[in-house]
Every structure is written in structure tokens, then in C-alpha cells.
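Engineer: Quick one: sequence and predicted model below, then my questions.
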Amino acid sequence: MRNINPNTIVISERDISEDDITKCKSIFKIVQIVKSRKDISSEYIKQNNIKVAIIYNYKRQIDFSISLANDLKNINNIHSIIINNKSMDESIYRSNHIDILKDVNELRDKYKLIKQKKSYYDNNNTNLDFFLNLAELIQEIVIITNTDNEIIYINEKGSKELELPIKIRGKPNKISDINIIDLEKEIKIDLSYNINDIPEFKNILITNCILKTKNNKKLVVDLFISTIAHNNIDKLITIKDISYLKSKYKTKDLEIIDQQTDLYNIKGLEKLLINQIESSYKKIYLLDLDLQINTECEYKDNKDNLDSKILKKITSKIMSLYSEYIFKLKDNNLIVIISTNGGEQRIISIAEEIKKTISTELRKEGFIIFKFNIGIIEVNLKEDIETKISKLKIATKISNEYKDSMPILYKDELPETILIKNQNKIFEYVVKAIKNDFFSLYYQKITPLKKHLKPKIEILTRLFDYTGTPIPNNNVFSLIDKYNLTVEVDKLVVTKALREYTNFVAKNGIHIFSINISPHSLKSKNFRMFLKETLLKSHVPLQNICLEITETGILENFELINKYFKELKTFGIKLALDDFGSGYTSLSYIKILPIDIIKIDGSFIQVINSSKIDLVIIKSIKEIADTKKIKIIAEFVSNEAILKKINEIGIDYGQGFLWHKPEPI
């Protein structure tokens, strides 16, 4: 029997009790306990085959630990378990690579199933090897079946969602009892298919399915089936709930027929709209009713049945006011078709009347309304149904931004309003990221095009949101520049890059680092002192460090930056001008500044084979650089045709997707 306890690190700023350590060691193979992420290098994690990180979050906000977990996932592919004793909405931070638990006891309870899993373990079964290590970590339903299509194992999450016992007694449950619908084909998926004609370890992935539970709950899921056919074990099935990924839904994913409420589904909406407009001289509007109410368990009804009754009551009221069609999207969201001779004020008045009437009726029944937003669009048959729904949701979202959730009619300028609000949210997150060091370092190789030159790398900065999704750099750094936060960010990047230098060189053999510095940061005396002192104290060979400064922004502080550059040069530090050619005084920079490298702006390189003017500019830059013995890097080299042309010109280095896409350092 192999050891199934994964290698684990524990990260905690406070001292951990002996009791907690004992409990953790009963589940995991604890390799090391450290105070912070800085105490563990990427190389150490790789060498010790670390698979899990336990993060104690008793001092900081949960956002800090979430960011740390995302960093460990993106750079080292580690699953994190956060022990958090503060109250929070865990659904906000839901992610496949993170578990959030209240204490170690909860963690220990999750692993009581380990003994059961061992009975299905076999040294020669690599599929189960992976499963046994991670089944209780991943937030998915996990099922094992035998050759008679009987469920012989189901994990804790599966037992809860499907209302099946974890330990099977008496008559076993059949896998065919689980009801999963393929949305694309609109048929039930047969999980008990015969695998005699299927090769061993055949894997099948079916996306966008509907799982119907015994209590009639419907979940949007992805289904993964791994056929094992070994030692009476037939299949390993995982079911991943993707209902919470609202931003990734397509309209067809929401086409769930609700037989309980007898409402139209979205499939009939487009056809009905065409008929309505062709047979009416009135304007046709769609209203999106986004309603969230209290349906607590004090009611005797099953929650789904209760929701169904509420929806029927709502639709009955709307029909009594306006004899119109009503469609159900999902949960409590309804779309109402309204036709009227009036204009904007009339449709908003109708929406307000609907909201007031429904709210009054529900309050009489004792329900608490948490939110009631209404978005409105005027129907345009030239737009497809996806566009209509998208615009409707934008209007509904803006309705939610107002204190009284007033109904909002969609107009083309509304997305700009959302953009401003999104920018504000990104800015708040950026400030938090700076304070808590959420930024991740990536690198991209710089390839020498001449034999005597050595390879380099450029350090790049990335910021990921709470779910691990990258935030576009344009969004991040435009706000950093706008609100004068460049000094704080550059300090973080310099510190992290120098800290990673030794491990990176040992692993990759590339010695020369290029680190980006904003010209705006160089205006700060405090930053200039920090940069010099940090470099000198780093024990990194300074002749292997290159500082890249974009030419935009140098002019207003030219004398100051030039003087500082000359001081840095005395320590052996290399200097590079980034995005060269994008400004208006580029040639004067070459003449005066003590630079070693020019990085030609990618906009010139991308059109080098189609624009004679850009080609002449590049050749001119090369000739001038040669007179001062300045090396040139061509950015955005994406294909062989560009490479051939820059080789003809005699460019020294190339950088781009032709050789290497950025990856975590």
C-alpha cells in the first residue's frame, strides 16, 4: 500500500498548537511549517513535491489568503486549504483549488473517508492514485462504480448533493438512478454504458449538463467519466457544479424547462417576439425581474415547491395587470413581454406598478424582499436573442446600483456607466493588492540572435482576482499610473524579483534579469534611494541586472533621471529603454542617456514586412545604436517572416511568442 498522504506545507503567521499539528499530521505528510510564503521558494516546492498548502488565516483579511492560494496555484499548481475563523460568505471565493474551513477539526472530519478509499486502492492503478489523494479536496461529486454499475463509493459532497448514503448497506444504488441531462442533445446521459469495446483509461468529458437531484434541485454541471476496468472497478465519475459561473453562461445553458411553474422557457421567446411585433402597432418591451426573497425553512413546503408557488403568485398578479407573456430564465428571474403605445416614461411607470404590486402581495404573505431589480429594453428584431438578454442584464445590473433599485431602461451609454463602476472596483482591488502583495511575477525569454550574446529574461507583473482569473494589465496599470501608485508597485516587483533571482538561475541557467521601472517612480527621491540600497544589499551580481524604463514620461524629469542613470551605471547595472520609438524625442535619448539596450516598440516590428516607412525607421535606429554600441531588442516577434527580416537588419535580440509565452517565474 502506498502512502496516500500528500506532501504538505503549513503557512501560519502565528504559532500553531501541538494539537492542531498532530491532527494535520494524521492526514498529511507535513514537510515544513513556515511563517510566510517568502520562506518557501518555488524550487523548494518542486524538489519536495509539495501538493497541498494549509494556510492559517487568523490575523489578516481572507482576501490575503485567497491571493496567496491563487499565487500557489498559478505558480506551483498547489491546492490550498485555508483555516479561517472569521465569518464570511464562502460562495464569493468558491474555487476548485481552494477549500475554506473553520478549524482543523472540520478538516479531520473530511478525511474520515480515507479508510474507505483505501479498500479501492491498488498499486497499479494510476487513475485511483490521483483520486485517492485529492477526492476530498476538490469541490466535486466523486463516484466509483463496479462492473455491475453499482455505486461502491461516493464522496461526502456527492452523498450530500445526491442524497445517497456514503456507506452502502443492503440493496446498492445503481449509477443509472442518477439523472443527468445533456443540454446539447436534450437527452438523459446513460452512465451505465458497457465499456467492453472502450480501451482502458478512456476519458470522456461532457460539458453543460443538468443534474437533477432527488429533491428536484437542478444544477448546471460538467461530467467527467474515466473508465478503469480493473479489479471489479468499472468507472470513476466526477461531477463538477458550474452553476455559480454566471459570467460564463450562454443563453442555451439557461433554457431549463420549469414544469412546476408552467412558464414559457427562453426557447420560445424569439419566435413569440417576432409574432408580437408583426401583429401589433405598439412598442414591445422586455422586462427582467430580478427578485430575491426570504424562503426560510419555517415554511412546511419544500424550498423548491415554495419557490414555485411564489412564482405562480407573481405571474398571476402580473397577468391580472397586463395580459402578457412571462418567461422563466433561472431561479426567480422572470422576463415579461409588455406592449404599450407610450414611450420611456410609460414603460418605466408600468415596471414600477408591477414592482409595487408584487412587493405588497409578498409582504402580506410574510416574505422579506432582499432585492427587486428591473431592467428594461425596447425590442429590436435586428438583434439576436443573446444580445437582447445581454442588454437586459446590463440594465438590471444598473438598477441594482441605485438605492431604491429603480427600473432602468437600456440605452447605449449605459455600458459606460458600468465600466466606470467596474474601474472603481478594480481600483479598490489594486489598492488591496499593493497593501497585501497580491501581485505575481511572470517572465518571458529574450533570445539572442547572434552567437556571442547570452539569453536574458524580462520580469513581468500579473494581478489575479479572487477566482484566479487574470485582470488585464491595461486595466491595472492605467489605474496605477492615474492614482500615482507606481512607487508602491515598483518596490514590490523589485523586491520579489531579486528574491527569486538565485532560484531562477539555478533552475533555468539564465543569469540576466530585466526589471521594469516606471519613470514616474524615478521622480520620487524615496524610491531612488530604495532602489539603489535594495540592489546593493541583494547579493545579486549587479552586472546581471538590467532596468527597463519606458521612454514615455522621461522628458519631464530628464535631467534628474539622466543623473540617476549615471550613478547606477557605476555599480555595473545595465539600462534599457523600453517601447523605443513610441515617443517624440527618442533620438535625443540615445544621444544623451547612458543606456545599454534599446527595445524597439512592437508596433514597428509587427508591420516590418508590410510598411516601408517602419522598416526605414528600424534600420535608422539600428545604425544610430551601432555608433554608440547599444544593443537592440525587437519586441513582438511572432512569426518566421519577422525573424528573417530582423536578422537581415542585424538586430541583436528577439522577444515574442515565436520563442516563448510568459509563464510564472
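Structural biologist: The structure has been received and is ready for your questions.

Engineer: Just the helices from the stretch 451-600 of the chain, written as ranges.
Structural biologist: Using DSSP state H, counting those that start in this stretch, the helices of the stretch 451-600 of the chain run over 473-482, 486-508, 519-522, 525-537, 558-569, 586-592.

Engineer: can I get these in JSON lines with mean neighbour count and mean pLDDT?
Structural biologist: To be clear about C-beta, it is placed using only N, CA and C from the backbone, and glycine gets the same treatment. Shown next, in JSON lines, are the helices of the stretch 451-600 of the chain (neighbours: other Cβ atoms under 10 Å; pLDDT from 0 to 100):
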{"stretch": "helix 473-482", "mean neighbour count": "16", "mean pLDDT": "83"}
{"stretch": "helix 486-508", "mean neighbour count": "18", "mean pLDDT": "92"}
{"stretch": "helix 519-522", "mean neighbour count": "21", "mean pLDDT": "90"}
{"stretch": "helix 525-537", "mean neighbour count": "14", "mean pLDDT": "94"}
{"stretch": "helix 558-569", "mean neighbour count": "14", "mean pLDDT": "90"}
{"stretch": "helix 586-592", "mean neighbour count": "15", "mean pLDDT": "71"}
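
Engineer: what residue lies at the spatial centre of this protein?
Structural biologist: Central residue of the chain (Cα atoms, centre = their mean): Thr469, 2.1 Å from the mean position.

Engineer: Distance of that one relative to Leu542?
Structural biologist: According to Cβ to Cβ, to the nearest Å, Thr469 stands 37 Å off from Leu542.

Engineer: before we move on, what about Ser26?
Structural biologist: 49 Å.

Engineer: Can you read off the pLDDT for the residue nearest to the centre of the chain?
Structural biologist: As predicted, Thr469 sits at a pLDDT of 72.

Engineer: Next, give phi and psi for it.
Structural biologist: For Thr469, the backbone dihedrals are phi -90, psi 130 (criterion: degrees, to the nearest 10).

Engineer: for it, what are its contacts?
Structural biologist: With contact set as Cβ atoms under 8 Å, 6 or more residues apart in numbering, Thr469 has no partners.

Engineer: Relative to Ala53, how far out is it?
Structural biologist: According to Cβ to Cβ, Thr469 and Ala53 sit 20 Å apart.

Engineer: Same question for Ile368.
Structural biologist: Relative to Ala53, Ile368 is positioned 40 Å away (Cβ to Cβ).

Engineer: Comparing these two, which residue is more hemmed in?
Structural biologist: More neighbours surround Ala53 than the other of Ile368 and Ala53, with 25 against 11 (other Cβ atoms under 10 Å).

Engineer: so where does that one fall, helix or strand?
Structural biologist: Taking DSSP states H and E as the definition, Ala53 sits inside strand 52-56.

Engineer: repeat for Gly342
Structural biologist: Using DSSP H and E, Gly342 falls within no helix or strand.

Engineer: neighbours around the closest residue to Leu658 other than its chain neighbours, how many?
Structural biologist: Leaving aside its sequence neighbours, Leu658 sits nearest to Val637 (Cβ to Cβ, 6 or more residues apart in numbering; 4.9 Å). A count of nearby residues for Val637, using other Cβ under 10 Å, gives 26.

Engineer: For Val637, give me its contacts.
Structural biologist: 605, 643, 646, 654-659.

Engineer: make it 6 Å
Structural biologist: By Cβ atoms under 6 Å, 6 or more residues apart in numbering, Val637 lies in contact with 643, 654, 656, 658.

Engineer: Can I get the residues you listed in TSV including distance to Ile11, pLDDT and neighbour count?
Structural biologist: Compiled in TSV, the contacts of Val637 are given as follows (distance: Cβ to Cβ, whole Å; pLDDT from 0 to 100; neighbours: other Cβ atoms under 10 Å):
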residue	distance to Ile11	pLDDT	neighbour count
Leu643	44	96	19
Gly654	39	96	23
Gly656	37	94	22
Leu658	39	94	15
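
Engineer: related to what we said a few turns ago, roughly how far does the residue nearest to Leu658 sit from Ser620?
Structural biologist: 19 Å.

Engineer: quick revisit: quick one: the residue nearest to Leu658 from Leu568, how far?
Structural biologist: 28 Å.

Engineer: for Ile368, same thing?
Structural biologist: Going from Ile368 to Leu568 by Cβ to Cβ gives 64 Å.

Engineer: and what of Lys574?
Structural biologist: Look at Lys574 and Leu568: by Cβ to Cβ, they are 9 Å apart.

Engineer: Next: Arg37.
Structural biologist: Distance, Arg37 to Leu568, by Cβ to Cβ: 30 Å.

Engineer: Need the mean per-residue confidence for stretch 437-453.
Structural biologist: For stretch 437-453, the mean per-residue pLDDT is 93.

Engineer: Need the distance between the two termini of it.
Structural biologist: One end of stretch 437-453 sits 35 Å from the other (Cα to Cα, to the nearest Å).

Engineer: Flag every buried residue along it.
Structural biologist: Burial within stretch 437-453, assessed by neighbour count using 16 or more other Cβ atoms under 10 Å, is assigned to 437-447, 449.

Engineer: which one among those residues gets closest to Lys317?
Structural biologist: Phe438 (47.4 Å; Cβ to Cβ).

Engineer: Does that closest one lie in a helix or a strand, and which?
Structural biologist: Per DSSP H and E: Phe438 is located in neither a helix nor a strand.

Engineer: and it, what is it in contact with?
Structural biologist: Taking Cβ under 6 Å, 6+ apart as the test, what Phe438 contacts is Ser67.

Engineer: and it, how far is that from Ile426?
Structural biologist: As judged by Cβ to Cβ, Phe438 and Ile426 stand 12 Å apart.

Engineer: Asp579: what's it in contact with?
Structural biologist: The contact partners of Asp579, by Cβ under 6 Å, 6+ apart, come to 550, 601.

Engineer: Tell me, what's the model's pLDDT at it?
Structural biologist: 81.

Engineer: Quick check: it vs Gln444, distance?
Structural biologist: Applying Cβ to Cβ to Asp579 and Gln444 gives a distance of 15 Å.
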